[in-house]
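J.: Predicted model, plus sequence, below.
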Amino acid sequence: MSKLLAKPVMLITGFLGAGKTTFLNALIQYQHNQRLAIIENEFGEEPIDGELIIGADNDIYELSNGCLCCSLNQDFYVLLEELWGRRNEFDELVIETTGIADPASVASPFLTSQSISCYYQLKRVVCLIDARHIEEQLKNTVEARKQISFSDILLITKTDLIEDNYLPYLENLLDEINPFAQMLSGNKTQYPFAELFAIERHAIVKKRPKFSLAPVPVKHHQHDDLVSLSFTFTEPFSISLLQHQLTAFLIFQAKDVYRVKGIIYVEAHSRKIIVQSVNANLVVEYGEEWQDDELKQSRIVFIGKQLKPAGFERMLKLCLIA
Ligand SMILES: Nc1nc2c(ncn2[C@@H]2O[C@H](COP(=O)(O)OP(=O)(O)OP(=O)(O)O)[C@@H](O)[C@H]2O)c(=O)[nH]1
């Protein structure tokens, strides 16, 4: 089949909390005349990110039964097949990987499987980089380095949180890890979309040394030391207690907790409350309105190293309104 008919694919990667979902929401606004099919992959069992995407016109498919890079499972292929059947309903496929995924493994089927690459063409792999936390993430994890090494575009984001003179230093640091990638920067109020869409993978791959053109093997690794704990509660939370507990908890245990995110049911509130943390910073925001026919419940996920569920459950229960 002609490549011209293949659906373009954009892969979005970046470490936990880098700003992938925020970027995706802005992308949906920017490409309002393009119909996107979105595959959301989440590490935790509780799908949360899909609900944080604003744009009911787009089709959002959640794969939350494991990180795609270690379990490129049947579901993914079935979904790709299903989407091909509905190819007239969308213009581009966007895949948001989990914050710990190795994008090389997720990209592998598009690059190495003759049948898949006939139907889908990987146009670009974009790695979101949290300007404020990336140095620490590079020191403490292997995932962040793998994501930067494989990507075609390194988009440094959250530039509103750093000093201007830190950006050139960061660009140098990233250039040493992946000298072939194109570097862009921005933040949630302004992403460089025009420049981003002008960059295509094949132009970058041409510049790379020959050996990197070899097929990328699928690596069956596990994120052994990383754990995702999910909790669901139907009782309402006291938001002030929860905020207090999470803040204290993050101050003392932030080293091992990479990410907290939750959609919280707070008594007497018509809207969902979204709590998020990246490193030790806790952010509490209003989400969408609860619908009349929707089950009001809270879902909260903690991702980190060697986390023990009992302590988390105890802490959360202290914040419920009985
Ligand atoms: N100040 C600032 N905050 C940002 C920016 N981009 C994202 N954030 C915040 O960073 C937090 C994490 O953003 P998300 O978009 O959820 O990050 P993510 O990469 O999708 O997170 P995971 O899916 O858990 O890996 C949220 O509180 C965002 O509001 C930015 O450019 N500037």
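T.: In hand now; what should we look at?
J.: if I read this right, Ser117 contacts Leu80, doesn't it?
T.: No: using C-beta atoms under 8 Å, Ser117 is not in contact with Leu80, being 11.3 Å away. Bear in mind the C-beta positions are built from the backbone N, C-alpha and C, glycine included.
J.: how close does Leu173 sit to the ligand?
T.: Distance, Leu173 to the ligand, using C-beta to the nearest ligand atom, to the nearest Å: 19 Å.
J.: Secondary structure element for that residue, which one?
T.: According to DSSP states H and E, Leu173 maps onto helix 166-177.
J.: State the number of residues packed around Arg124.
T.: With neighbours defined by other C-beta atoms under 10 Å, the count for Arg124 comes to 21.
J.: Next, the contact list for it, please.
T.: Taking C-beta atoms under 8 Å, 6 or more residues apart in numbering, we find Arg124 in contact with Met10, Leu11, Asp152, Ile153, Leu196, Ile199, Glu200, Arg201.
J.: ok, 7 Å please
T.: Met10, Asp152, Ile153, Ile199, Glu200, Arg201 (C-beta atoms under 7 Å, 6 or more residues apart in numbering).
J.: quick one: Ala6 from Ile148, how far?
T.: 27 Å (C-beta to C-beta, to the nearest Å).
J.: can you redo the contacts of Arg124 as a markdown table with secondary structure, pLDDT and neighbour count?
T.: A markdown table is the format used below for the contacts of Arg124 (DSSP: H, G, I helix; E, B strand; the rest coil; pLDDT from 0 to 100; neighbours: other C-beta atoms under 10 Å):
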| residue | secondary structure | pLDDT | neighbour count |
| --- | --- | --- | --- |
| Met10 | strand | 95 | 23 |
| Asp152 | coil | 93 | 26 |
| Ile153 | strand | 95 | 22 |
| Ile199 | coil | 88 | 16 |
| Glu200 | coil | 83 | 15 |
| Arg201 | helix | 80 | 21 |
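J.: related to what we said a few turns ago, Ala6 and Ile148: which is more packed in?
T.: More crowded of Ala6 and Ile148, by other C-beta under 10 Å: Ile148, with 24 against 19.
J.: Now for Ile300: which residues touch it?
T.: Phe231, Gly262, Leu316.
J.: which one of the residues you listed is nearest the ligand?
T.: Compare each of these with the ligand using C-beta to the nearest ligand atom and the shortest gap goes to Gly262, at 11.1 Å.
J.: For Glu40, give the beta-bridge partners.
T.: Glu62, Glu96 (DSSP bridges).
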